[in-house]
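Chemist: my questions concern the predicted model and sequence given below.
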Amino acid sequence: MPTSDAGGRPALSSDPETRLTVTANSDTCVTSNLCVNRLPQVFGQDEDGCVLVLDPHPAAELGRELLRARRSCPTRSIRVEGMKEGAEGPED
Ligand code: SF4
């Protein structure tokens, strides 16, 4: 398995034991839709507009986009687990 991508950044894990796990706290969600717009294959909304996780174990290729979604959430309602240390890369 490669330890870095073409840009020299650490590779994301594809190991099933360290696969990505996404959770979101609908109690703190303020329905900004930022995560839904960024990753509609992972995030959706309930009838009140609060976040729903549609795919709690998305493909590892979405890791960096998930971290961007996490960072851009105004209420820090999104958690992403299973990323290898240092995989976040530079801030946007
Ligand atoms: S970005 Fe955060 S506040 Fe906005 S819909 Fe997603 S979880 Fe809710």
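Modeler: Now that the structure is in, tell me what you want to look at.

Chemist: just confirm residue 63 is within a strand.
Modeler: No - judged by DSSP: H, G, I helix; E, B strand; the rest coil, residue 63 forms no part of a strand; its state is helix.

Chemist: neighbours around it, how many?
Modeler: Residue 63 is flanked by 21 other residues according to other CB atoms under 10 Å. Placement of C-beta: from N, CA and C, glycine included.

Chemist: that one and residue 47, how far apart?
Modeler: 30 Å (CB to CB, to the nearest Å).

Chemist: from the chain's centre, how far out does stretch 65-78 sit?
Modeler: Centroid separation for stretch 65-78 versus its chain: 7 Å, with CA atoms, centre = their mean, to the nearest Å.

Chemist: secondary structure element holding the spatially most central residue of the chain?
Modeler: Per CA atoms, centre = their mean, the C-alpha nearest to the average position across the chain is that of residue 66, at 2.4 Å. Secondary-structure assignment from DSSP states H and E places residue 66 in helix 63-72.

Chemist: report whether stretch 44-61 contacts the ligand.
Modeler: Yes - using CB under 6 Å from any ligand atom, stretch 44-61 reaches the ligand at residue 51.

Chemist: got the buried residues for that stretch?
Modeler: 45, 50, 51, 53, 58, 60 (16 or more other CB atoms under 10 Å).

Chemist: same check on stretch 30-43?
Modeler: Neighbour-count burial for stretch 30-43 [16+ other CB under 10 Å]: 34, 35, 36, 38, 39, 42, 43.

Chemist: residues in contact with the second one?
Modeler: By CB atoms under 8 Å, 6 or more residues apart in numbering, the contact list for residue 35 reads 24, 42, 43, 51, 69, 72, 73, 78.

Chemist: go again using 6 Å as the cut-off
Modeler: 43, 69 (CB atoms under 6 Å, 6 or more residues apart in numbering).

Chemist: oh, and call the first residue 56 from now on, that's how I've got it
Modeler: Will do, 56 is the new start, and the previous item becomes residue 90.
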